[in-house]
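Student: A predicted structure for the sequence below; I have some questions about it.
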Amino acid sequence: MRKVAIVGIGHGKFGVRSDASLRELVFEAVKACLEDAGVTLDEVDSMVTGVACDEFSFGIQPSAQVHDYIGFYPKPNYRVEAACATGSVALRTGWMNIVSGLADLVLVVGVEKMTEVSTSVATEIMGRAGDAIWEYPFGTTFPGYYAMIANAHMAEYGTTEEQLAMVAVKNHYYGCLNPYAHMQKEVTLEKALTSFPVAYPLKLYDCSLITDGAAAVLLASEERARAISKKPVWMVGLGLATDTLRLGDRRSLTSLSAAREAARVAYKMAGIGPMDIDVATVHDCFTIAEIVAYEDLGFCEKGEGGKLIEARETYVGGRIPVNVDGGLKSKGHPLGATGVSMAIEITKQLRGEAGSRQVKDPEIGLTHNVGGSGQIALVHIFRRE
Amino acid sequence: MEFKNFSLFINQSKVARFTKDLAEGKIMSTVCKKCGRQYYPPQADCFSCMESEMEWKEVPREGRLLTFTRIHVPPEHFAVRQPLMPFSSVQFEPCPIGLIEVEKGLKIMGWIPKVDIKKIKVGMKMKASPFTLPDGKLTIILEPLNP
Ligand SMILES: [Zn+2]
């Protein structure tokens, strides 16, 4: 199999970007990515665009908005979608383009422009990430699904609301150190615990943000990677797995089977185990999701996720630093951009370019990106030379 | 009785009669005539043997609560509109929802009216029942069974 590396990264400013449209956000990320790699768009063979939702992008072909605006035509570009895991699916598709021999240099873009619609409309659109026929009639929302996972986890393992809030405290702390993060504000445990309820037991500070943003990476074949980059970051393990549409049909309500399976496949492909991971970005769309992710990825035993954050083992300097870029919680969660943004943070960490949030000399990093309430999950493993 | 009276958005389905049965007080599943696999919510087709010969069967309605929540920030469809009368407000007291398991692997989602959120506990025994709302829409509610 051909080897594939990340040789360029470009991260736009995440936030309420009322100054820019979807295509303009992409331009910022692509320009930064090409500059980082030191290549021009003419050298790029093909492109993949990750956008989660047509109702946010106001068109059924958001990829065309993108390749038109950056002048990429007539070269290949198409849109991929997997709800909140869209960015990782775009990355996987880019990887496949190179492995198959179709291309040597592929630009992977993830973007979402979410704040053009009202919060209640955005809530409804994301609520349909479950089953629109059989669950939505009960008023289900995206926070509602994770709230049900939280209540099941708390009942089974004694996980506490304080432990959930500790995830928020950590991720807001690191968001302040990330200039591209949406929220640049620390939060205290007390403030998080007393914030207004969104879906019991989840409160405002348990929830990720509705955010605009774009991120881009440049993938290269081995030959091109060695010519372009002094610090290529290799994609050495990829896992993707799926699960039932409805939460009610899951075998477990306290873990995401798709994430466990994706992790198993990715670890096997990379020939490593959970204890070999030096730094990770995980899908903390809600604080409970980060705790479940610790367990699903094997960073701790099942049911011990709450204790892992309580012992501060997922801070820089702990056993396994997680989401030290602020995570979805504080950096923001522009659906299509999130998976690409996760890969960018891991690339920065492995290159040693993460500044004040740098983990000490990491060699192997992992990203964990979940779609909807666990209908799809992707785990990617990256390695420096 | 239109399927949309239950599903809200979608009206066209091979299992649209689910709503008619709900109006008559029954929560129905489908069972594959060939392999016996049961589907709740009902499916018109069996993925175990790729056949579409199904029969309707009422589901058991008593079971234990697996999980629950109360959604305070509702989707647009359920959002409270501002009242038209000046100097007035609407008090929004959302109703909890839950998921009960009535048989191994067979789970029913429903509203939990009439129970204080603090008194709802995972594991409690509950009964699911069809319910007709004031506007004629049909839904399912979960009520605690007396210990
Ligand atoms: Zn069958």
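Tutor: Here it is on my side, so go on.

Student: what residues are up against B:Ala44?
Tutor: Going by C-beta atoms under 8 Å, 6 or more residues apart in numbering or on different chains, B:Ala44 touches B:13-15, B:30, B:52, B:54. (Each C-beta comes from the backbone N, C-alpha and C, glycine too.)

Student: ah, wrong one, I meant B:Pro113
Tutor: Neighbouring residues of B:Pro113 by C-beta under 8 Å, 6+ apart: B:95, B:141.

Student: isn't there a helix covering it?
Tutor: No. Counting by DSSP: H, G, I helix; E, B strand; the rest coil, one finds B:Pro113 to be coil, located in no helix.

Student: related to what we said a few turns ago, narrow the contacts of B:Ala44 to just the buried residues.
Tutor: Among the contacts of B:Ala44, those classed as buried by 16 or more other C-beta atoms under 10 Å in any protein chain shown are B:15, B:30, B:54.

Student: check which helix or strand covers the second one.
Tutor: So that's B:Thr30. Using DSSP states H and E, B:Thr30 sits in strand B:28-32.

Student: low-confidence ranges in the stretch 151-300 of chain A?
Tutor: Counting by pLDDT under 70, not a single residue of the stretch 151-300 of chain A qualifies.

Student: and the stretch 1-150 of chain A, which residues reach chain B?
Tutor: Contact residues, the stretch 1-150 of chain A versus chain B (C-beta under 8 Å from any C-beta of the partner chain): A:118-121, A:123-124, A:127, A:132-141, A:143-144, A:147-149.

Student: Just the buried subset of the residues you listed, written out for PyMOL, thanks.
Tutor: In PyMOL, this line selects whichever of these come out buried by 16+ other C-beta under 10 Å:
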select buried, chain A and resi 120+121+123+124+127+132+133+134+135+136+137+138+139+140+141+143+144+147+148+149
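
Student: Can you name the residue of the stretch 201-350 of chain A nearest chain B?
Tutor: Residue nearest to chain B within the stretch 201-350 of chain A (C-beta to the nearest C-beta): A:Gly248, separated by 4.1 Å.

Student: returning to what we had before: just the closest of the contacts of B:Ala44 to A:Glu295, please.
Tutor: Nearest to A:Glu295 among the contacts of B:Ala44 is B:Thr30, at 35.0 Å by C-beta to C-beta.

Student: my guess is the closest one meets B:Met54, correct?
Tutor: Yes. Counting by C-beta atoms under 8 Å, B:Met54 is a contact partner of B:Thr30 at 4.2 Å.

Student: where do the contact lists of those two overlap?
Tutor: By C-beta under 8 Å, 6+ apart, B:Thr30 and B:Met54 have these common neighbours: B:39, B:42-44.

Student: Could you list the contact residues of chain B toward the ion?
Tutor: Applying C-beta under 5 Å from the ion, we find that chain B lies next to the ion at B:32, B:34-35, B:37, B:46, B:48-49.

Student: Which of those fall in strands?
Tutor: Using DSSP state E, B:Cys32 are the members of the residues of chain B next to the ion that sit in strands.

Student: With respect to chain A, which of the residues of chain B next to the ion is nearest?
Tutor: Nearest member of these to chain A, counting by C-beta to the nearest C-beta, is B:Arg37, at 13.0 Å.

Student: which residues sit in contact with the closest one?
Tutor: Contacts for B:Arg37 were tallied using C-beta under 8 Å, 6+ apart; they are B:31, B:46, B:48-49.

Student: Mark which of the residues you listed are buried, thanks.
Tutor: When the contacts of B:Arg37 are checked for burial by 16+ other C-beta under 10 Å, the buried set is B:31, B:46.

Student: now the helices for the chain?
Tutor: In the absence of a named chain, this looks at chain A. With DSSP state H as the criterion, chain A has helices at A:22-37, A:54-57, A:62-69, A:86-99, A:119-127, A:142-157, A:161-175, A:189-193, A:222-228, A:257-270, A:287-296, A:305-310, A:327-331, A:335-351.

Student: could you do chain B instead?
Tutor: So, for chain B - with DSSP H - the helices run B:4-7, B:17-23.

Student: From the rest of the structure, what touches the shortest one?
Tutor: Residues outside helix B:4-7 that contact it (C-beta under 8 Å, 6+ apart) are A:132-134, A:136-137, B:10-11, B:13, B:18-19, B:22-23, B:136-139.

Student: what about the one residue in the stretch 251-385 of chain A that gets nearest to the ion, neighbour count?
Tutor: The stretch 251-385 of chain A approaches the ion most closely through A:Arg251 (19.9 Å), counting by C-beta to the ion. A count of nearby residues for A:Arg251, using other C-beta atoms under 10 Å in any protein chain shown, gives 9.

Student: Over to the one 10 residues further on?
Tutor: Around A:Glu261 there are 18 other residues, counting by other C-beta under 10 Å.

Student: Just the closest of the shared contacts of B:Thr30 and B:Met54 to B:Phe131, please.
Tutor: B:Pro42 (18.4 Å).

Student: still on that earlier bit, is there any residue in the strand holding B:Thr30 that contacts chain A?
Tutor: No. Figure legend: strand B:28-32 not in contact with chain A (C-beta under 8 Å from any C-beta); closest approach 12.0 Å.

Student: Please verify my assumption that B:His72 contacts A:Ser195.
Tutor: No. The criterion here is C-beta under 8 Å, and B:His72 misses it with A:Ser195 at 11.4 Å.

Student: Report the contact partners of the closest residue to the ion within chain A.
Tutor: In chain A, the residue that lies nearest the ion is A:Asp249 (16.5 Å; C-beta to the ion). Residues near A:Asp249 by C-beta under 8 Å, 6+ apart: B:Lys107.

Student: same question, the one 5 residues further on
Tutor: Residues near A:Thr254 by C-beta under 8 Å, 6+ apart: A:149, A:152-153, A:156-157, A:292, A:302-303.
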